[in-house]
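J.: Predicted model and sequence follow; I will ask about them next.
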Amino acid sequence: MKINPLAKFFFFLSLTIITTTLAGAEWMTGNTWISMGQNKVLGSQDFLRGLQFSIPFLAILTIHEFGHYVFSQKYKADVILPLYIPVWLGFLGLPSIGTMGAFIQLKSQLKSRIEYFDVGVAGPLAGFFGAIVLLWYGFTHLPPLDYLYQIHPDYAQYGADYAKYVYSNPGINIKLGSNLVFEFFERYVVVDKSLIPSSYELMHYPFLFAGFLALFFTALNLLPIGQLDGGHILFSTFGSKAHSIISPVLFSIFIFYSGLGAPMPIDFQYDAFLTDKLWENFILLGVVYVSVSKVFPTTLSNFTLAIGIFGLQYVLKIMFPSLEGYPGWSVFGLVVGRFLGIYHPTVEDNKPLTTGRILVAIFSLIVFVICFSPRPFG
């Protein structure tokens, strides 16, 4: 039985509103929907509060996807309405944001570099401007510190200086990374600096958390690799030949950065083959290999690349033990390298971009830089 595309769109959108609202309420309150130790169990009023996160977050996600959709329709491509992916892990006691995002599916290939550019750039730029509006509202309407004290009553004794005292064991707390957009708002927009929450507390502020995630997904999509939105922009701006060189180079750098600090130096004076470190290194090397296994056409070339990346990571770990990348990027790199691909299909029409579109391409690169967080979650 064929499902009506509009019905499918609203079904998954509705389901994702529910899952992101559940997740949003958990982040806002620091409690759960299911009894977990001493945590308070959430109720219907908390669900309504969770809408403060889910509605703006999904609004920006929808704006992003419809940016792609509208331009796909403009060029008469066979495209489905955005499909949302609801994922809530609260029933397992695990944190989540209620979704793995959304996507549109092109069932027909676009015919020119200009078409790929317009479709590719429309989504992240639309989402970026939506995020800026949301963050402007969030940073100009910060609640008093009593809001945070309701979540963490023990912070009240320290007042606005709580961050100096309460993170004696920061490893057990989730910290959101910084980016240039947040730094701009915190420095030039917020009047009362004492109201700016610590990066360990941002997830309790629904508008700021939704805005941060919007910037995170914008930067992720603008990575100039493969067939990500940034990859479409790279292909459209420089052509197929340049993309086939730049994309795998940037992808290799991305994989290299993500694994910095991960290799475990081994003392070969002992029986290394019986140590956990050796096997951990084999696993790490395997992850690198699988990630880059489609960069070159031959297995030997890809394995050589993996050995080179891992070897350099290993040497730097010995020379600079405190040097760290961000292991979380490894998962995304694995998905891109193994499933999404790092190359781009060719097109019938290779007409170069107009001057106006080149300026938009430069602007999209600026957007990527100011939205990107080297360590988005810590």
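T.: Cool, the structure landed.
J.: Give the helix, strand or coil label for residue 333.
T.: helix (DSSP: H, G, I helix; E, B strand; the rest coil).
J.: I'd guessed it sits against residue 252; true?
T.: No - with contact defined as Cβ atoms under 8 Å, residue 333 and residue 252 do not form a contacting pair (9.7 Å). C-beta coordinates here come from the backbone N, C-alpha and C atoms, glycine included.
J.: which one of these two has more residues nearby?
T.: residue 333 (26 against 21; other Cβ atoms under 10 Å).
J.: List the contacts of the more buried one.
T.: When contacts are counted by Cβ atoms under 8 Å, 6 or more residues apart in numbering, residue 333 is found next to 251, 254, 255, 258, 291.
J.: Quick one: residues contacting the third one.
T.: Under the criterion of Cβ under 8 Å, 6+ apart, the contact partners of residue 255 comprise 288, 291, 292, 309, 330, 333, 337.
J.: now those residues in TSV, with secondary structure?
T.: Formatted as TSV, these follow (three-state DSSP):
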residue	secondary structure
288	helix
291	helix
292	helix
309	helix
330	helix
333	helix
337	helix
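J.: Using ChimeraX, make a named selection holding only the buried ones among the residues you listed.
T.: ChimeraX command restricting the contacts of residue 255 to the buried ones, with burial defined by 16 or more other Cβ atoms under 10 Å:
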select :288,291,292,309,330,333,337
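J.: Now flag whichever of the contacts of residue 333 is closest to residue 143.
T.: residue 258 (35.6 Å; Cβ to Cβ).
J.: Would you mind measuring from that closest one to residue 64?
T.: Separation of residue 258 from residue 64 (Cβ to Cβ, to the nearest Å): 24 Å.
J.: who's more crowded, those two?
T.: residue 64 (28 against 24).
J.: OK, contacts around the more buried one?
T.: 102, 123, 124, 126, 127, 130, 217, 218, 221.
J.: one more time with 7 Å
T.: 123, 124, 126, 127 (Cβ atoms under 7 Å, 6 or more residues apart in numbering).
J.: Burial check on residue 87, number of neighbours?
T.: 14.
J.: Mind picking out the helix or strand in this protein with the poorest mean pLDDT?
T.: helix 276-292 (a mean of 91; mean pLDDT, DSSP states H and E).
J.: Quick one: residues in contact with it.
T.: Contacts of helix 276-292 (Cβ under 7 Å, 6+ apart): 252, 255, 259, 262-264, 266, 272, 302-303, 305-306, 309-310, 330, 333-334, 337-338.
J.: before we move on, what about stretch 103-117?
T.: Against stretch 103-117 from outside (Cβ under 7 Å, 6+ apart): 65, 68-69, 72, 75, 77-80, 82-83, 119, 232-233, 235-236, 345, 347-351, 353, 357.
J.: Okay, and which of those residues map to strands?
T.: Judged by DSSP state E, the subset of the contacts of stretch 103-117 located in strands is residue 83.
J.: which residues of the protein score low on pLDDT?
T.: The chain contains residues with pLDDT under 70 at 1, 36-39, 169-172, 268-275.
J.: quick one: the strands in it?
T.: Using DSSP E, strands in the chain cover 83-87, 98-103.
J.: any idea which of those is most buried?
T.: strand 98-103 (a mean of 20; mean count of other Cβ atoms under 10 Å).
J.: quick one: strands adjacent to it?
T.: Take DSSP bridges as the rule and strand 98-103 pairs in its sheet with strand 83-87 (antiparallel).
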